[in-house]
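Participant: any chance you could fold what I've pasted below:
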Amino acid sequence: MNGLYVNGNEVYERDIAVLEQYRPDYFKITLHKTLRRAGYEAVDGERRRKNTAGNKRKLSESLSRTRAAIFELALCNPWEWFVTLTLNPEFHDRKDLKSYKKKLSAFLKNYNRLNQTAIKYLLIPELHNDKISWHMHGLMMGLPQAHLEAFREEEKLPIQILIELKRGNQIYHWPAYEKAFGYITISKIRNGEAVSKYITKYITKDLNDTRIDLNDHLYYCSQGLKRAEKLYQGPLSRELDEDYSNEYVKIKTVRALEEALTYFTDG
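Facilitator: Next up, the predicted model:
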């Protein structure tokens with residue numbers, strides 16, 4: 001009966017934990033209240049989706065999964081820069097996100113080829129306050145600092161950048177991007193875990209509501225990025241003192257494999 005919904009007991013496992021490694025010092029245990037067995041598809045669930053247009057996954061669950069995916073990509077890769085990218089309305093239609101993404105992807109591909117760089121990215125679109133124009137926040141690596149120019153306090157700058165400079169935090173801009181698209185700010189990442197948590201804040205209900213415009217993508221990323229390695233799946237041997245929980249999962253993060261194993265073994 002592989003590929004079909006048989007019944008809850010056969011298709012779903014109950015109270016199953018998954019152990020994943022994000023970095024040498026970061027492990028996550030996720031206890032799923034129900035977890036679909038590999039190779040099974042909930043056919044009756046598919047009928048419900050067809051018969052009831054509004055019966056999709058709960059918004060909170062959908063956004064939670066997206067945030068988890070972004071956090072995984074952010075934490076598992078050695079990002080160097082936090083970036084905010086905008087569009088000059090004289091160059092591009094700021095309302096056309098699909099066109100922006102296509103042109104940006106081509107720009108980065110050509111830039112890598114011409115400059116022998118290997119720039120990779122993880123970008124999240126965000127609407128301006130006008131709710132129709134787009135910009136992006138995200139992470140980059142492989143962009144040489146020598147290709148950037150530092151902002152200086154004596155320049156006429158936005159107050160946010162001026163404050164950061166006075167705090168001793170250097171902010172850069174990228175002339176090549178500015179010539180092609182518009183204003184950009186770039187800052188060095190000092191704490192990879194902190195920025196990985198911070199960037200998930202851009203996944204909001206408002207962004208989810210624009211799925212059609214985004215072609216069902218709430219974020220964009222380079223191919224070939226590292227992801228968490230699944231180490232084990234099975235029942236726990238003791239109660240999980242979770243860091244976070246909702247109606248679907250309990251999650252615990254630990255810093256050493258030895259500590260993670262204590263949740264799965266009696267020894």
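
Participant: only C-alpha atoms from now on, for both contacts and neighbour counts.
Facilitator: Noted.

Participant: strands of the stretch 101-250 of the chain, start to end?
Facilitator: Using DSSP state E, counting those that start in this stretch, the strands found in the stretch 101-250 of the chain span residues 120-127, 134-141, 149-150, 171-173, 184-188, 220-221, 229-234, 244-245, 249-254.

Participant: quick one: contacts of the fourth one?
Facilitator: Residues outside strand 171-173 that contact it (C-alpha atoms under 8 Å, 6 or more residues apart in numbering) are 148-151, 161, 164-165, 183-188.

Participant: where's His32 relative to Leu240, distance?
Facilitator: For His32, the distance to Leu240 equals 11 Å [C-alpha to C-alpha, to the nearest Å].

Participant: which one's more surrounded, the two?
Facilitator: His32 (19 against 15; other C-alpha atoms under 10 Å).

Participant: list phi and psi for the more buried one.
Facilitator: Here is the backbone geometry of His32 (degrees, to the nearest 10): phi -90, psi 130.

Participant: do the same with Gln21
Facilitator: According to degrees, to the nearest 10, Gln21 has phi -110, psi 120.

Participant: ok so, going back, overlap in contacts, His32 and Leu240.
Facilitator: What both His32 and Leu240 touch, as defined by C-alpha under 8 Å, 6+ apart, is the set Lys250.

Participant: partners of Tyr26 in the sheet?
Facilitator: Arg23 (DSSP bridges).

Participant: how much space between it and Asp96?
Facilitator: For Tyr26, the distance to Asp96 - C-alpha to C-alpha - is 38 Å.

Participant: mind listing what's buried along stretch 191-211?
Facilitator: Of the residues in stretch 191-211, 192, 195-197, 199-200, 202-204, 207-208 count as buried by neighbour count, 16 or more other C-alpha atoms under 10 Å.

Participant: swap that for stretch 138-150, please
Facilitator: 138-141, 143, 148.

Participant: elements contacting whichever strand or helix holds Glu72?
Facilitator: If you go by DSSP states H and E, Glu72 is part of helix 59-76. If contacts are counted by 3 or more C-alpha pairs under 8 Å, 6 or more residues apart in numbering; DSSP states H and E, helix 59-76 sits against strand 12-23, helix 192-199, helix 205-208.
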